[in-house]
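> next come a sequence and a model predicted from it.
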Amino acid sequence: MRLTQALSCEDPPHRAMNQDLGTQIAKLRAAEEIRHLKARYAAVCDAGYPPEQMVPLFTRDAVWDGGERFGRHEGIDAIYRFFEGVSSQIVWALHYMVAPIIDVADDLETATGSWYLWEPCTIVAEDGPQAVWLTGTYADRYRHEADGWKFSEVKLDCQTISPIEQGWVQRPFWNE
């Protein structure tokens, strides 16, 4: 028997191996598309949070949950309203999304991800603009739709919103 016949992809063990490889490649591709989704999200935030640019990144039934600091917003209309108003609170921002961990489900239709957020920004305070460090972690859920990967849930656990000149040790949250 020739080697090419012995390693035929038609043999059940090799067919399974090829399917696994195909699934692995699909998961890697999905993870990369999700990284691009998160990068587009950061770019829209840094462009002043225009809601009309944010909405296409989310599923219709999505949730954006910022906890006590930013509230919970369920559905695309509520998410639109949130981003429509946040630019009056955060007038400048530069979002660094770092250390992603993305887990694509075997169905290739859903995924989860976690990210660290490091964000220098300017927040409107009663006494004028305040330069702050905003830090936190994101726990996201994603769903693949006909036009690509989208957020089905974004959950931000805000760790600090600290004035730059005081730092997070002296004042972890600027409004406290």
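Received, thanks. Since the structure is predicted, the reported quantities are computational estimates derived from the model, not experimental observations.

> switch to C-alpha atoms for all contacts and neighbour counts from now on
Will do.

> I'd say Asp65 and Ile79 touch.
No - if you go by Cα atoms under 8 Å, Asp65 and Ile79 don't touch, sitting 9.5 Å apart.

> now list whatever residues contact both of the two.
When contacts are counted by Cα atoms under 8 Å, 6 or more residues apart in numbering, Asp65 and Ile79 have His73 as shared neighbours.

> across the sheet, point out what pairs with Phe58.
Counting by DSSP bridges, Phe58 forms beta bridges with Phe151.

> from Val154, how far out is it?
9 Å (Cα to Cα, to the nearest Å).

> one more: Ala125?
Counting by Cα to Cα - Ala125 and Val154 are separated by 26 Å.

> shaky segments in the chain?
1-19, 174-176 (pLDDT under 70).

> find the centremost residue of it, please.
Nearest residue to the geometric centre of the chain (Cα atoms, centre = their mean): Lys38, 4.3 Å.

> and the longest strand for the chain?
The single longest strand within the chain, with elements called by DSSP state E, is strand 128-145.

> from Glu33, how far off is the closest residue to Ala31 other than its chain neighbours?
Sequence neighbours aside, Ile102 is the residue nearest to Ala31 in space, at 6.2 Å (criterion: Cα to Cα, 6 or more residues apart in numbering). Distance, Ile102 to Glu33, by Cα to Cα: 11 Å.

> OK, contacts around Arg35?
Pro100.

> mind listing the helices for the protein?
Secondary structure of the chain by DSSP state H: the helices cover 3-6, 12-46, 51-54, 67-70, 76-86, 167-170.
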